[in-house]
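Trainee: pasting a predicted model and its sequence here:
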Amino acid sequence: MAARSTFTRTSGSVITSAWANSLRDHVVPYSGAADGTTEGMLSVNTADDTLRIGNGSAGVQFGCYATPGTWALASSGTQVVQGAGGGNASLASNLLVRYGRHIRATGTVTMSVASGFAGNPITIRTQLPAPGAQVVAGSFLFQDASTGIFYAGTALITAASEIQMYGHNENSAIGADPSFVLEVSDTMWLQLDYFAASAT
């Protein structure tokens, strides 16, 4: 990419090839791939409607002008675990917006099977972009379907993209204190805001 041009046009000036090339290089290019990798280069990926800036090795997303993306639960096997037990769940709402390393996500996770062991933390396994370490990532609202009781507090997400929920007791996650077994229709609402381990 060319350096910023110092050419100032006046009446009768000749547009040089160097100035024309500089203009060309400062127009934001677009394609169906994240291919604007040059340091500081702006580009648009028309495949996912994202605006990107090159960091020398990749075109890092820092804006999105399309409908927000989505995130998923674990791709296979157990999606929500409690001790040695766990089961599948449905994800009714799951928006994801990414700006480089900055992740903003919301989700509603509902248990589809009764599974787990009381006295153990409830862990949600996701495919969210992982942070570099366990971080306080946002907030949660949990409804115990069998009693109708709601619990609220802080959601922690680990480098493995697993989420646990703390709030009732500062030393124990939901499922351990208060101690109860996951039941069908237990529902977890999540709102997350954190920095991923790497940019895309």
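Mentor: Yep, it's here.

Trainee: count of neighbours near Phe117?
Mentor: For Phe117, the neighbour count with other CB atoms under 10 Å is 15. Just so you know, the C-beta spots here come from the backbone N, C-alpha and C atoms, and that holds for glycine as well.

Trainee: correction: the previous question concerned Ala74.
Mentor: The criterion is other CB under 10 Å. On that basis, Ala74 has 18 neighbouring residues.

Trainee: that one and Ala199, how far apart?
Mentor: Shown here: Ala74 relative to Ala199, a distance of 23 Å by CB to CB, to the nearest Å.

Trainee: mind listing what's buried in the helix-or-strand element of the chain with minimal mean pLDDT?
Mentor: The element with the least model confidence among the helices and strands of the chain, by mean pLDDT, DSSP states H and E, is helix 17-26, at a mean of 75. Counting neighbours by 16 or more other CB atoms under 10 Å, one finds that the buried residues in helix 17-26 are Trp19, Ser22.

Trainee: alpha carbons of it, as PDB, please.
Mentor: Taking only C-alpha atoms (Å, rounded to 0.1, in the frame of the first residue of the first chain), the coordinates of helix 17-26 have been written out as PDB:
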ATOM      1  CA  SER A  17       1.100   7.800 -12.500                       C
ATOM      2  CA  ALA A  18       2.400   7.800  -8.900                       C
ATOM      3  CA  TRP A  19      -0.500   9.900  -7.800                       C
ATOM      4  CA  ALA A  20      -3.000   7.800  -9.700                       C
ATOM      5  CA  ASN A  21      -1.600   4.600  -8.100                       C
ATOM      6  CA  SER A  22      -1.800   6.200  -4.700                       C
ATOM      7  CA  LEU A  23      -5.400   7.000  -5.300                       C
ATOM      8  CA  ARG A  24      -6.000   3.500  -6.500                       C
ATOM      9  CA  ASP A  25      -4.400   2.100  -3.300                       C
ATOM     10  CA  HIS A  26      -6.500   4.300  -1.000                       C
END
